[in-house]
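Participant: following is a predicted model, sequence given first.
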Amino acid sequence: MFQKSKSYTLSEATKKLERYCAYQERCHKDVTTKLKEMRMIPEAIDQIVTHLIQGNYLNEERFAQSFARGKFNIKKWGRNRIVNELKQRHITSYNIKSALKEIDDNRYLETLDALAQKRLDSLKDTDIQKRRRKLADYLLYRGWESHLVYAKIQELIK
C-alpha cells in the first residue's frame with residue numbers, strides 16, 4: 001500500500017537529470033517537475049537546474065526548436081497548436097518565435113494541402129456543409145490557422 005520512495009543525494013539527482021536531459025531535449029518545466037517528483041527541496045532544484053544549464057544539458061531555445069520541428073514533421077501540427085503547447089511549457093515568446101522559424105513556409109502549405117486532401121478523402125458524408133465543418137474542425141484542432149483552413153476548404157469543396 002505505501003511505497004517507500006527513494007531519496008536522492010544532490011550528486012545522485014544531478015547525474016540522473018544529466019542522463020534525463022541527454023536522452024531527449026527537455027524544457028525547464030519538465031526538469032523541475034521531475035525533480036519535485038524525486039522529492040528534492042527547492043534549493044537543490046535551483047542548484048541542479050543551474051548546473052544543467054551551465055553544462056548545456058538544458059537549453060530552452062534548443063528545446064523549442066526541436067519541439068516545433070518534431071511536432072510539425074511527425075504529427076503535422078499547425079503553428080497555433082505548437083505555440084499553445086510551448087506556452088503551456090512556459091517557453092518565452094522569443095524562443096517561440098525562434099522555434100517557428102524552423103518550419104519552412106512552402107513545406108507548411110504543402111503539408112496543409114496533403115493533410116486536408118487526405119482527411120477529405122476519408123469523409124463519407126454526402127452533405128457538403130457537414131463535410132466542410134468536419135474538415136474545418138479537424139484542421140483547426142490540429143492548430144492550423146483559420147484563414148488558411150477556410151481558404152483550403154473553399155479550394156477543395158465547391
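Facilitator: In hand now; what should we look at?
Participant: can you give me the distance of the residue nearest to residue 90 when sequence neighbours are not counted to residue 81?
Facilitator: Excluding its sequence neighbours, the residue lying closest to residue 90 (Cβ to Cβ, 6 or more residues apart in numbering) is residue 29, at 5.3 Å. Where you see a C-beta, it was placed from the backbone N, CA and C, and this is true even at glycine. When Cβ to Cβ, to the nearest Å is applied, the distance between residue 29 and residue 81 equals 18 Å.
Participant: the more surrounded of these two?
Facilitator: For residue 29 and residue 81, the more surrounded residue by other Cβ atoms under 10 Å is residue 81, and the numbers stand at 18 against 14.
Participant: right, and the more buried one touches residue 142 too?
Facilitator: Yes - checked against Cβ atoms under 8 Å, the pair residue 81 and residue 142 is within contact range at 6.0 Å.
Participant: quick check: neighbours shared by the two?
Facilitator: Both residue 81 and residue 142 lack any common contacting residue under the criterion Cβ atoms under 8 Å, 6 or more residues apart in numbering.
Participant: can you read off the pLDDT for residue 1?
Facilitator: For residue 1, the model assigns a pLDDT of 50.
Participant: so after the helix or strand residue 96 falls within, what's the next helix or strand?
Facilitator: Using DSSP states H and E, residue 96 maps to helix 93-100. Once the chain leaves helix 93-100, the next helix or strand it forms, by DSSP H and E, is helix 105-122.
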